[in-house]
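> Next comes the sequence, and after it the predicted model I'd like to discuss.
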Amino acid sequence: MRRNFDEQLNHLNESLIEMGGMVERAIADANRALVEQNVALAKEVIRTDDEVDHKEKEIESMCLKIILQQQPVAGDLRQISSVLKMTTDLERIGDHATDISEITLLLANRQYRKHLEHIPQMAEITAQMVAKSIDAFVKKDLDLANEVIAMDDIVDAIFMETRQELIRHIKEHAESSDQAIDLMMAAKYFERIGDHATNVAEWVVFSLTGMHKDSRIM
């Protein structure tokens, strides 16, 4: 019985790793499409969001099946419950990558009036956060999960710097204010991706300790 349960958990971990990889690629592709004004790539990010949604439903179904069949308790139940929560945040990351790509389509026919310096930094860091949070879950690495949580402060700081720069640009170049506002929205979506990656890491902490944001749940 336990052997079958462990096999189901391993399959669940593999599916979570796959979903994490999907949203990592979505972040990277959304960033590249935005920077290069690559319409085809932006449309591909939007198209593949359906695959992320499908993977979320697949993992949810696996979790519920395990709960019904195995009736897990204690640490095993925390692990499965955490996966259910994590997939919700991963799905939202995919949604935000789509949001960024939709902005790319809006900006595709207009040359950028400002060099995109900080947005790619946010994209790189948030993709790392996703990868590390999934790795922390699979390896049961509490320190790595806490490292991801700390990285969110870096993303927030870059967003605030980006926001201030774009506000100055709007004041000085009113003719391109619409473009600056769209870019600010793209930056905000990357900041939200960082928040969701942090949520994933916090659910990793919960899976290992039963604590979630300093409150004991299980």
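Alright, I've got the coordinates.

> what about the spatially most central residue of the chain, which helix or strand?
Among the residues of the chain, the one closest to the centroid is residue 93, at 3.8 Å (C-alpha atoms, centre = their mean). Element membership for residue 93, per DSSP states H and E: helix 74-107.

> unless I'm mixing things up, the residue nearest to the centre of the chain is touching residue 129, no?
No: with contact defined as C-beta atoms under 8 Å, residue 93 and residue 129 do not form a contacting pair (9.7 Å). Bear in mind the C-beta positions are built from the backbone N, C-alpha and C, glycine included.

> Give me the buried positions along the helix holding residue 93.
Of all the residues in helix 74-107, those buried under the rule 16 or more other C-beta atoms under 10 Å are 76-87, 89-104, 107.

> For it, name the packing helices and strands.
helix 2-36, helix 39-70, helix 118-139, helix 177-209 (3 or more C-beta pairs under 8 Å, 6 or more residues apart in numbering; DSSP states H and E).

> mean confidence for that helix?
Across helix 74-107, pLDDT averages out at 95.

> just stretch 146-156 next, same as before
Mean predicted confidence for stretch 146-156 is 98.

> what's next to that stretch, contact-wise?
122, 125-126, 128-129, 132-133, 136, 190-191, 194-195, 197-198, 200-202, 204-205 (C-beta atoms under 8 Å, 6 or more residues apart in numbering).

> run the last query once more with 10 Å
121-123, 125-126, 128-136, 141, 190-202, 204-205, 213 (C-beta atoms under 10 Å, 6 or more residues apart in numbering).

> Buried residues in the helix or strand containing residue 164, which are they?
Element membership for residue 164, per DSSP H and E: helix 142-172. For helix 142-172, the neighbour count (16+ other C-beta under 10 Å) marks 144-145, 147-149, 151-152, 155, 158-159, 162, 165-166, 169-170 as buried.

> rewinding a little: how about the helices and strands packed on helix 74-107, which one is nearest residue 111?
The closest of those to residue 111 is helix 177-209. By C-beta to C-beta, the value is 9.2 Å.

> give me the low-pLDDT residue ranges for the protein?
Across the chain, the ranges flagged by pLDDT under 70 are 1, 214-218.

> please redo it, this time with the cut-off set to 90
1-6, 69-76, 109-117, 169, 173-176, 211-218 (pLDDT under 90).

> State the number of residues packed around residue 26.
By other C-beta atoms under 10 Å, 29 other residues sit near residue 26.

> Report the spatially nearest residue to it, omitting neighbours in sequence.
residue 97 (3.7 Å; C-beta to C-beta, 6 or more residues apart in numbering).

> That neighbour touches residue 32, doesn't it?
No: in terms of C-beta atoms under 10 Å, residue 97 does not count as a neighbour of residue 32; the distance is 11.1 Å.

> what is in contact with those two at once?
With C-beta under 10 Å, 6+ apart, residue 97 and residue 32 have common neighbours 42, 45, 123.

> pretty sure the first one is touching residue 101, no?
Which is residue 42. Yes: in terms of C-beta under 10 Å, residue 42 counts as a neighbour of residue 101; the distance is 4.0 Å.
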